Structures are given as structure tokens and as C-alpha cells.
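>>> Pasting a predicted model and its sequence here:
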Amino acid sequence: MALPWHVIYYETEDGHCLLQEFIDGRKERDQAKILAWISQLEARGPHLPRPYADLLEDGIHELRVTASGDNVRGLYFFCYRDFIVLTHAFVKRTREVPKAEIRKAQRLRADFLSRFDERKLREKIDEDLSKPPQ
């Protein structure tokens with residue numbers, strides 16, 4: 001039986017979400033495509049194959065989406081057995097994922113892990129699930 005993966009969008013301490021900001025800035029059709037691939041990531045976790053996902057380095061992975069001709073990359077990491085944290089997204093314009101984007105994901109991961117342990121994440125998921133849909 002597959003693990004129940006929980007996708008979390010990284011937020012700064014003051015609630016700023018780089019990934020949501022990126023998605024909101026895209027055309028509606030592109031937003032739907034990106035969200036559909038995030039759903040696939042949530043359903044399949046580390047079993048989402050290339051060319052849709054790939055390991056970059058140091059535990060940082062990329063979700064690969066083509067939207068309106070752009071190569072969109074969402075960077076993420078796994079933590080605490082069943083959590084996937086999406087740090088941010090960008091349009092890839094070079095052959096390789098820029099090292100600066102990987103370093104950014106590493107910094108965001110370090111910040112996230114310094115603020116959330118497994119217990120806090122599980123409490124957050126339980127709290128979010130108990131809220132009525134908006």
C-alpha cells in the first residue's frame with residue numbers, strides 16, 4: 001500500500017508563499033496544469049518518474065511541467081517519511097537547473113526544518129483537515 005503523501009507549500013514565518021505566488025501569476029490554464037502535476041506528485045511521491053520529476057542534488061527534487069511553452073520547475077524535498085515540501089517554482093531558461101535555484105531550495109529547506117519537527121507538521125495537517133472548506 002502506498003504511503004499517504006502530504007504536500008505542503010513552503011511559507012516564510014510571516015506567511016509568504018513563493019510557490020503560490022508563482023502559480024497565481026500564471027494563466028488559468030497553466031495554473032490548472034501545475035496543480036494537476038502537484039496532485040500527481042502527492043499521489044505518487046518518489047515514484048513519480050522522469051520526465052515528470054527528478055532528483056537534482058542533496059535531496060532536492062524537481063517537478064517538471066511544460067506550461068504555455070515554458071519549462072516550469074517546482075523544487076521540493078521529502079521529510080519525516082510522508083511529507084513533500086514544495087519550496088518554490090521558476091521558469092527554467094537554461095539547459096541545467098541553475099545552481100542558484102537549488103541553493104535557494106536548500107536554504108528554504110533549512111529554514112523549514114528549523115521551524116517544524118514531525119509532531120508540529122502532523123498537528124498542522126490535522127488542523128488543516130478539520131477546517132471546513134472555503
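That came through fine.

>>> where's the most centrally placed residue in the chain relative to Val65, distance?
Centrality entry for the chain: nearest residue to the mean C-alpha point is Leu86, 1.8 Å, by C-alpha atoms, centre = their mean. Distance of Leu86 to Val65, given as C-beta to C-beta, to the nearest Å: 12 Å. In this view, the C-beta of every residue, glycine as well, is placed from N, C-alpha and C.

>>> what touches both of those two?
Gly74 (C-beta atoms under 8 Å, 6 or more residues apart in numbering).

>>> end-to-end on stretch 6-13?
With C-alpha to C-alpha, to the nearest Å as the measure, stretch 6-13 spans 20 Å from end to end.

>>> Would you confirm that the residue nearest to the centre of the chain contacts Trp5?
No: using C-beta atoms under 8 Å as the test, Leu86 is too far from Trp5 to be in contact (11.6 Å).

>>> returning to what we had before: show me what the residue nearest to the centre of the chain is bridged to.
With DSSP bridges as the criterion, Leu86 is bridged to Tyr9, Tyr76.

>>> Could you list which residues are in contact with it?
7-10, 19, 38, 63, 74-76.

>>> mind redoing it with 7 Å?
7, 9-10, 19, 38, 74, 76 (C-beta atoms under 7 Å, 6 or more residues apart in numbering).

>>> Can you select the buried ones among those for me in PyMOL?
Remark: buried members of the contacts of Leu86, expressed as a PyMOL selection using 16 or more other C-beta atoms under 10 Å:
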select buried, resi 9+10+19+38+74+76
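
>>> Which two among the contacts of Leu86 are spaced furthest apart?
By the measure C-beta to C-beta, Tyr10 and Ile38 form the most distant pair in those, at 13.0 Å.

>>> which parts of the helix or strand of the chain with the lowest mean pLDDT are buried?
Lowest on mean pLDDT, DSSP states H and E among the helices and strands of the chain sits helix 118-130, with a mean of 83. Using 16+ other C-beta under 10 Å as the test for burial, helix 118-130 gives Leu121.
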